[in-house]
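1. Predicted model, plus sequence, below.
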Amino acid sequence: MNIRFSGDTRDLFKFDLVRHIMKSFPDLESFTFIPMLTEEVERTKKKKSLALDLGRAVKNGKAGSQNKDLMEHLGKLQEIEDDMDYFTGISTYFKKENIIVDILHRTRFAHEHRVNYFAKIVENFPEKSLIFLDPDNGLEVKNPTQRHLLYDEVKKICDGMDTRSILMIYQHFPRQKHEGFVRRRCARLHEYISLNPLTITDNEIVFFLITRNTHLRNRLGTVLEAYAGTYPLLDSYTCD
């Protein structure tokens, strides 16, 4: 993630989806946020992004726009000046929702230090948690940078994850046909982790959700379908 886009409509979708999953699975004990925070670019560019127009999100029926409390929090996040204010704002929102949130690795994420970054995460791995990996762009490309999550890293997380947890991965759509892109990503993930993800998308971004428990996966599929049904722009499907 990049602090320049804090409080935008992607945050609205991602954190409302997190809330929905956590409320749907009371047996999940915590929300574990792994931000993969990259270096900030010029903040002046932030104000030009249409994704920061939360009023437009309501008008267009964007995912999360029915959550007025989250909308209010994100409006405040758009005014922050540093990383700690962002993390404090996210923590405050989820505490109000009675959701325990654990933000791992609040330090900057860099391509050359990624091995140590993920090694420290695995050392302190939670159980019965919704674990959210939030790279700038999503899964790796041919020449990955700090903006990408590597498939090997997904495997490490899955290998360390207990069968009562859920892994959620952020992915921004490139300029490709979306359905084919998602299918290829799902197939690639299966090559590494031997599991088929579930997906939910608003046609701008997509989330891959993975669990090692078949029963939990079936329940999660139903939860995602129900959430998608509340917003006309959303679509949820399996990668089987």
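-> In hand now; what should we look at? Numbers count the residues shown, from 1 in each chain.

2. In a strand, Pro126, correct?
-> No. Assignment of Pro126 by DSSP: H, G, I helix; E, B strand; the rest coil gives coil, placing it outside any strand.

3. What segments of this protein are helices?
-> In the chain, the segments counted as helices under DSSP state H are 9-24, 54-59, 68-77, 83-96, 114-123, 151-160, 178-193, 214-228.

4. what angle separates the fourth one from helix 9-24?
-> Put plainly, it is helix 83-96. 30 degrees (axes from the mean of the first three to the mean of the last three CA atoms, to 10 degrees).

5. can you tell me which residues contact Ile90?
-> Neighbouring residues of Ile90 by CB atoms under 8 Å, 6 or more residues apart in numbering: 15, 33, 77, 101, 103. (Each C-beta comes from the backbone N, C-alpha and C, glycine too.)

6. The same query, at a cut-off of 10 Å, please.
-> 6, 11, 15, 18, 31, 33, 35, 73-74, 77, 101, 103 (CB atoms under 10 Å, 6 or more residues apart in numbering).

7. what's the closest of those residues to Gln146?
-> Using CB to CB, Pro35 is the member of the contacts of Ile90 that sits closest to Gln146, with 12.2 Å.

8. can you list the helices of the chain in a markdown table and add mean pLDDT and distance to Leu139?
-> Shown next, in a markdown table, are those (pLDDT from 0 to 100; distance: least, CB to CB, whole Å):
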| stretch | mean pLDDT | distance to Leu139 |
| --- | --- | --- |
| helix 9-24 | 96 | 16 |
| helix 54-59 | 86 | 25 |
| helix 68-77 | 92 | 25 |
| helix 83-96 | 90 | 23 |
| helix 114-123 | 84 | 14 |
| helix 151-160 | 94 | 7 |
| helix 178-193 | 93 | 6 |
| helix 214-228 | 97 | 19 |
